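> got a predicted structure plus its sequence, pasted below:
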Amino acid sequence: MDIRLRPSLIAVPLAALFLLTGCADSDPELTVADVEGSWSAVGGGQLTVRADGTADLDRVTRPGPDCGRSTGAAGRTYTGPATWVFDTYPDEKSGIRFDYQGPATAKPCKIYLVVFLLKDGAKGFLPQDPSDVSYVRSAGRQG
């Protein structure tokens, strides 16, 4: 019996191992310095992200009817305080998640900001926003 290892018999399991352990992921992990600052969308909302895990959201599209001040379509935004943590929205790149209590219902609410690090700064989007709305970050400490 001739027992010789073929390169393909080794390569396939190694590739699977890299994918399962995340070794093939080339995206760098986000740091506080990558997300801290003011994020603005043209004609839309504003996100203020602080290093201490607090944030302020202004005119941000809320993800559902129980997560804001009004249940009407015109009032489908949230303005108020939040906390944030690093998280990944399902099927998206890494980003941050904002947590707050819906003022009308006291229901826990979550808003995700998917973050892309670019050579000239950082951009992001909220999955519940229209596809043409993106946020651009202005770095700097926020008080």
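Structure received. Numbers count the residues shown, from 1 in each chain.
> which stretches of the protein form strands?
Here the chain has its strands, by DSSP state E, at 37-41, 46-49, 54-61, 77-88, 94-101, 108-118, 121-125, 135-138.
> got the CA positions of the second one in PDB?
Just to be clear, that refers to strand 46-49. C-alpha atoms of strand 46-49 as PDB (Å, rounded to 0.1, in the frame of the first residue of the first chain):
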ATOM      1  CA  GLN A  46     -25.700  63.000  14.000                       C
ATOM      2  CA  LEU A  47     -23.900  60.500  16.300                       C
ATOM      3  CA  THR A  48     -21.500  61.700  19.100                       C
ATOM      4  CA  VAL A  49     -19.400  58.800  20.300                       C
END
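> ok now it, how far from the chain's centre?
Put simply, strand 46-49 sits 13 Å off its chain's centre (CA atoms, centre = their mean, to the nearest Å).
> can you list contacts of that strand?
Residues external to strand 46-49 that are found in contact with it (CB atoms under 8 Å, 6 or more residues apart in numbering): 35-40, 55-60, 84, 96, 98, 113, 135, 142. C-beta: built from backbone N, CA, C; applies to glycine.
> can you rerun that using 7 Å?
35-40, 55-60, 84, 113, 135, 142 (CB atoms under 7 Å, 6 or more residues apart in numbering).
> could you dump the strands of the chain to a markdown table with distance to Glu29?
Below are these laid out as a markdown table (distance: least, CB to CB, whole Å):
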| stretch | distance to Glu29 |
| --- | --- |
| strand 37-41 | 18 |
| strand 46-49 | 16 |
| strand 54-61 | 20 |
| strand 77-88 | 8 |
| strand 94-101 | 7 |
| strand 108-118 | 10 |
| strand 121-125 | 14 |
| strand 135-138 | 17 |
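> tabulate these in JSON lines, adding columns for distance to Thr31 and mean neighbour count.
Below are the strands of the chain laid out as JSON lines (distance: least, CB to CB, whole Å; neighbours: other CB atoms under 10 Å):
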{"stretch": "strand 37-41", "distance to Thr31": "12", "mean neighbour count": "20"}
{"stretch": "strand 46-49", "distance to Thr31": "12", "mean neighbour count": "20"}
{"stretch": "strand 54-61", "distance to Thr31": "16", "mean neighbour count": "19"}
{"stretch": "strand 77-88", "distance to Thr31": "9", "mean neighbour count": "16"}
{"stretch": "strand 94-101", "distance to Thr31": "11", "mean neighbour count": "19"}
{"stretch": "strand 108-118", "distance to Thr31": "10", "mean neighbour count": "18"}
{"stretch": "strand 121-125", "distance to Thr31": "11", "mean neighbour count": "18"}
{"stretch": "strand 135-138", "distance to Thr31": "13", "mean neighbour count": "18"}
